[in-house]
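Novice: Let's see this in three dimensions:
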Amino acid sequence: MKKTAYIILTIFLGFLLAEMAHWSLEAWYINFIIANGGMPHEHIFLASHCFLPVYVQFALIALGLVGGYFLGQTWWRIVYVEHRHWRKR
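Specialist: Reported below is the predicted structural model:
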């Protein structure tokens, strides 16, 4: 039960970090398009309006979720299996 909660929370952390990257990338993309004299086009993905292409939006979400899963597995192994954390030093 503890490992499941740990993994779910790190997946959520990965999702939040992916969203932060999405916001930053979208702001840069809009400024880049406008600076080059273009007009950004809005795309709708998962009921949200965004200026990034749909495949970029999907890739960011997928990378955040998968990255969070593997990060949780790695941290679980380091902290609870190998007992390598700051209190042991």
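Novice: Sort out which residues of the strand or helix carrying residue 64 are buried, please.
Specialist: Applying DSSP states H and E as the criterion places residue 64 in helix 54-76. Buried residues in helix 54-76, counted by 16 or more other C-beta atoms under 10 Å: 56-57, 60-61, 64, 67-68, 71-72, 76. No exception for glycine: its C-beta is placed from N, CA and C like everyone else's.
Novice: For residue 56, list the residues it contacts.
Specialist: Residue 56 makes contact with residue 25, according to C-beta atoms under 8 Å, 6 or more residues apart in numbering.
Novice: Apply 10 Å and report the result again.
Specialist: 22, 25-26, 29, 43, 45, 50 (C-beta atoms under 10 Å, 6 or more residues apart in numbering).
Novice: what residue ranges in this protein score low on pLDDT?
Specialist: Low-confidence segments of the chain (pLDDT under 70): 47, 87-89.
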